[in-house]
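Chemist: got a sequence here, can you model it:
(2 chains)
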Amino acid sequence: MNRHEKRHLAATSLAFAALLIPWRHAGAETVTAADNARQIVDEAQKRTTSKSERYEGLLQTFEASGKTSEKRWTFERIGSHGESKSVIRFVAPAEVKGVALLIVNHPDRASDQWMWTPSIERDRRIAIQDRSTRFFGTDFSFEDLEERDVSQYNYTLLGEEAIGGAACWKIRSIPKPGRSSQYTKSIAWIRKDNYAYARVDLYVDDHIVRKLENSSISSVQGIWTARETTMTDLRRGSITRLALDHVEYNLPLKEDRFTLQGIRQQ
Amino acid sequence: MILLRLISWPYFRKHQLRTLLTTAGIVLGVAVFVGMHTANQSVLVAFSETVDRIAGKTELQVTAGETGFGEDVLDRVQSASTVRVAVPVIEAVVDSNIKGQGNLLVLGTDMTGDRSLRDYDLESADEAIVADPLVFLAQPDSLILSKAFAERNHLAVGDRLRLGTVDGQKAFTIRGITKASGLASAFGGNLAIMDIYAAQKMFGRGRTFDRIDLAVKPGVTLADCEHELATLLGPGFQIQPPASRTQQFEAVLKGYSTMVNVSSAFALFIGMFIIYNSFAIAVTQRRSEIGILRALGATQAQIRWLFLGESAALGLLGSFAGLAAGVLIARAIESSVSTIVADVYYVTQRAEEVASNPLLLGLAVAIGIATSLAAAAIPARSAARVDPVRALHKGAYQLLSDRESRTRAMLAGAVGVVSLVCLAAAGSRLVFYAGYALAVVAVPVLLGPVLSLGLARTIRPVLKWVWPVEGALAADSLIQTPRRTSATVIALTLSLALVVGFSGMARASYGSIIDWMNATFNPDLFVSPTPGFNIQTTRFPATMASELAAIPGVGRVQMFRNGRVMFRKAPVTILAIEMSSVAQTARRQPVAGNADEMYRRAAAGEGLIVSNNLAELQRVRLGDVIEVPAPYGLLRLPIVGIIVDYSDQQGTILMDRSVFVKYWHDDSVRDFRVYVAPGATVSEVRQRILERYAGRRQVFVLVNSDLKRYILKIAGQWFGLTSVQVAVAVLVAILGIANTVTVSIIDRRREIGVLQAVGALRGQIRRTIWIEALSVGAIGLMLGFALGAVNLYYILEIVHRDLIGTRLDYQFPLTTVLTLVPTILGAALLAAIWPAESAVRGSLVEALEYE
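Modeler: Just a heads-up that it's a prediction; the model follows:
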């Protein structure tokens, strides 16, 4: 791993930025005295910086009833760390082809989101006033699409635990007063070797409601990226799996692609 | 209680038919009261339940009357600090295209945020509700159906359902089914949900919403939120809890409710007379019995309570029977009421079940008993005052002394004068209605016996001339018993007065409506997105105007848009029309203002035209500057003309289309009015329009006569109530006359026996009884028509003062009167058949031994 790669080590990068941005980490060797939870998270965020990102995703949802559904999309992002703009564009199945979602993140408030529906040639502002609702039938919620600013949480290092044979820090984060979230807390397992988030448990009133697990973590252009993410909704018993392909970072993407005009025209 | 058991019960058992007739009086009154109110209430409850069920957890709703508003309002509402969640809604009523299933209410919502307010069961354990929410949003043909509707029509997820849209018939894909409870049971279960943005496109709603449903943040009071939104949005919006929509609906139905109240009050009053009649007869029948009781030491109070107890018992019995009959009536007329409400008030709902309100039923029983007691009060009083000695003198009590006649006439004259004074000085509603009650109830009650006697004496020579024996006998029977006859005559008179009054109003309204219709609706063709005009939820885009104008043979196209808004807390209709064009095609002569000036200023957006009923109801005059709250500002313009218009019972405000577009940000069109160019034929142009839009748009093209027929049909439905009143009048005639004739026969049993003994033929006896019944009917008809003429005057005054603010022409309903004559006489004859047969077939020996 060269120095450039080390600077861009990251875990998974996908639309579900809220869950993913804090899990991007620098290489383990660059971190010292990582016994401080906030430092670990800060460092992770700092090292996820990339100017842009693009990938093709396959989203599979497995309902408790046995029903499955599958969608494919392309994801593009410019900027990072709470000031990014992203566009998700569905490419399959045919019924949803062309539907696009523009997400404009803000460091200090909830993101703005618009949806473009080509069949009626309409864009709509998605006012996610109740952000705990599911994201279009997946096991992610709309809140999970937002990027989080690490300063909006209090962190506690709970100890160390191995996940999948990899040593991890176990860190609890609780939203600071005034920061609204459907989750009362989350517990994350961050790998010591590459600072990738191996697992995140999301709680509501001391009950785990969702569980996110990252796997197939590999380096892409020096950024550690989870190629597969699984979100389990423990209340519904359903699972959503996201697989990433053709991941690219720091590619030239035009700013005007990340506007309402942009999503209408593509 | 002992007296009731020992005296009353045997009497009732012996006179079962009369007891039945007495009870029938109260059954009739209570049944009509319960039936009409329950049907009315069922429609209200259906509306209210639909509002409640659709509202879900909604705490406040933002509306701008029924016109809707632009999408930008949503951002303003969502930005309010007191609002937790705010979601837009549009509603459209469409034909389900399934035989017998009627309309479907399509609720357009933004599913991405709406689930915070409404429970679609999408998040519940039932995962089959919506297969894929993203597909649902991405495909504009997506529909969620209520389980009830889906099951009724054997529809499942994946099936297609064809619905009428602004772009023609479209096949919608059922992508979800909601459970039967809550939201899914709104609109009688005929509910479909679709994405609001797809619904906008499908139903030609542009970028507008009907309303915004919202919930407030925890810890915030509704008043705080209302205040913040009122400040943020301005006066053009109403911010109210969902239940307020029901109140608005009730306000819209004010005219109809008044009609129902008047009709049921009359029915009760008429029922009261039937009971009064029966008890008055019973008292006279039982005079000797009462005399004996009094001689044995029974007090006056005991006798009075005996009769009141009887009436209370019969009242209770009749009330319960009336409740059952009322519910049956409600069930029978509910769909008609629903149709009237939809057609007249443009509020479509589905009243699937009869909503029997326990309070209403309790009230009906109480009213039934009270009416029965009130009706029996006078007979009970006279029973208590029976002189034991005079009680044996048969017949004298039925006579009307000259002194009593004079007193009654003088009193009636005095009451008549008071009623005239009330009418002349009727500044307040109380004084006016008091005068009405005196003129239409007190005067006939006082004069009834006198006039009955007088008319019986008048017709005696005629009857004698036609039927020398039978005619004279029948007339004498009436002359000797004016009290017995008068109660039936008064009941019949009141009943007929009601029919004449309402028929006259209907006739006057018809006349006015036809005049207005001919002056206003003169376009050759009406192009509408719906087959009728009662559904307002689908509209055309304005761009269609130029398309229509380009069709060969089309001479002129006018865009028409209407909607109900709140004006001074009253729901009124606004009509947005192209004023300068209308001035050339359907120029109206104002009742206040100058036509040229009116159209010029209105077309320039410098003034508003109001209907005469709005001017009356809201007390506004020509030149007054009125303020109409609109979503994009307070529309403040002077009244430049007042015209006769029957579009809305609560009033109409007409404005130029440009004013509407400016203040409502809505250029959609409810319908186009097309004038055919010289040389072209209406049928050809109609065909071209249909061909132009075949498969592209849902277009219904009505020719002028179709529209006029449609309007008259609605007017016919509205005045269909008159037929209920005619039915009541006929029932009254049958019950009252049957009662009178039965008692007359019993009274004259010995006389009839003697007649038979000296050789009178059965046919002669039979004819005597028939003639007596026909005479009662004829006297009732004469007095009923006379009182009806007075009643009609008062009803037209009520229409003017309290209902629609319009003064209708006084036209006596001659056709109705001519129909009533054979109907009532036929009913009278019918009522006399059984008593006559029983008289001629009875034992001669028993008859001669009677008394």
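Chemist: quick check: residue B:562 touching residue B:645?
Modeler: No: at 11.5 Å, residue B:562 does not count as touching residue B:645 under the criterion of C-beta atoms under 8 Å. Any C-beta I mention is one placed from the backbone N, CA and C, and that applies to glycine too.
Chemist: neighbours around residue A:112, how many?
Modeler: 15 (other C-beta atoms under 10 Å in any protein chain shown).
Chemist: er, residue B:37 actually
Modeler: Neighbour count of residue B:37, defined by other C-beta under 10 Å: 21.
Chemist: residue B:161 versus that one, what's the distance?
Modeler: 37 Å (C-beta to C-beta, to the nearest Å).
Chemist: mind listing what residue B:76 touches?
Modeler: Contact analysis of residue B:76 by C-beta atoms under 8 Å, 6 or more residues apart in numbering or on different chains lists B:232-233.
Chemist: now do the helices in the stretch 1-150 of chain B.
Modeler: Under the criterion DSSP state H, counting those that start in this stretch, the stretch 1-150 of chain B contains helices at B:2-3, B:9-14, B:16-55, B:72-78, B:111-114, B:133-138, B:147-152.
Chemist: so residue B:297, which state does it fall into?
Modeler: Using DSSP: H, G, I helix; E, B strand; the rest coil, the structure places residue B:297 in coil.
Chemist: what about it, distance to chain A?
Modeler: Taking C-beta to the nearest C-beta, to the nearest Å as the criterion, residue B:297 is separated from chain A by 82 Å.
Chemist: and for the residue nearest to residue B:505 when sequence neighbours are not counted, the neighbour number?
Modeler: Of all residues not flanking residue B:505 in the chain, residue B:795 sits nearest, at 5.0 Å (C-beta to C-beta, 6 or more residues apart in numbering or on different chains). For residue B:795, the tally of surrounding residues (other C-beta under 10 Å) stands at 26.
Chemist: settle this for me: residue B:795 is touching residue B:502, isn't it.
Modeler: Yes: in this structure, residue B:795 is within contact of residue B:502 by C-beta under 8 Å, at 6.8 Å.
Chemist: still on that earlier bit, may I see the helices of the stretch 1-150 of chain B organised as TSV, with mean pLDDT added?
Modeler: TSV is the format used below for these (pLDDT from 0 to 100):
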stretch	mean pLDDT
helix B:2-3	65
helix B:9-14	72
helix B:16-55	76
helix B:72-78	89
helix B:111-114	66
helix B:133-138	85
helix B:147-152	85
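Chemist: tell me what the host helix or strand of the residue nearest to residue B:505 is packed against?
Modeler: Under the criterion DSSP states H and E, the helix or strand holding residue B:795 is helix B:762-798. Judged by 3 or more C-beta pairs under 8 Å, 6 or more residues apart in numbering or on different chains; DSSP states H and E, the packing partners of helix B:762-798 are helix B:254-285, helix B:429-437, helix B:443-466, helix B:470-480, helix B:482-520, helix B:721-747, helix B:749-757, helix B:814-841.
Chemist: counting contacts, what elements does the last one pack onto?
Modeler: Read that as helix B:814-841. In terms of contacts (3+ C-beta pairs under 8 Å, 6+ apart), helix B:814-841 is packed against helix B:482-520, helix B:721-747, helix B:749-757, helix B:762-798.
Chemist: kindly report the same for the longest one.
Modeler: Packing partners of helix B:482-520 (3+ C-beta pairs under 8 Å, 6+ apart): helix B:254-285, helix B:443-466, helix B:704-718, helix B:721-747, helix B:762-798, helix B:814-841.
Chemist: follow-up on the earlier one: dump the helices and strands packed on helix B:762-798 into TSV; add distance to residue B:307, mean neighbour count and mean pLDDT as well.
Modeler: Converted to TSV, the helices and strands packed on helix B:762-798 look like this (distance: least, C-beta to C-beta, whole Å; neighbours: other C-beta atoms under 10 Å in any protein chain shown; pLDDT from 0 to 100):
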stretch	distance to residue B:307	mean neighbour count	mean pLDDT
helix B:254-285	7	23	71
helix B:429-437	26	16	84
helix B:443-466	20	19	86
helix B:470-480	24	22	83
helix B:482-520	15	24	81
helix B:721-747	16	24	68
helix B:749-757	24	17	74
helix B:814-841	24	18	83
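Chemist: JSON lines for those, including distance to residue B:11?
Modeler: Below are the helices and strands packed on helix B:762-798 laid out as JSON lines (distance: least, C-beta to C-beta, whole Å):
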{"stretch": "helix B:254-285", "distance to residue B:11": "7"}
{"stretch": "helix B:429-437", "distance to residue B:11": "34"}
{"stretch": "helix B:443-466", "distance to residue B:11": "25"}
{"stretch": "helix B:470-480", "distance to residue B:11": "23"}
{"stretch": "helix B:482-520", "distance to residue B:11": "17"}
{"stretch": "helix B:721-747", "distance to residue B:11": "12"}
{"stretch": "helix B:749-757", "distance to residue B:11": "17"}
{"stretch": "helix B:814-841", "distance to residue B:11": "18"}
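Chemist: picking up where we left off before, distance to residue A:105 for the helices and strands packed on helix B:482-520 - can I get that in TSV?
Modeler: Listed next are the helices and strands packed on helix B:482-520 as TSV, based on distance: least, C-beta to C-beta, whole Å:
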stretch	distance to residue A:105
helix B:254-285	54
helix B:443-466	82
helix B:704-718	56
helix B:721-747	64
helix B:762-798	66
helix B:814-841	75
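Chemist: name the residues of the helix with the most length in chain A that come out as buried.
Modeler: Taking DSSP state H as the criterion, chain A has its longest helix at helix A:37-46. Across helix A:37-46, burial judged by 16 or more other C-beta atoms under 10 Å in any protein chain shown covers A:37-38, A:40-41, A:43-45.
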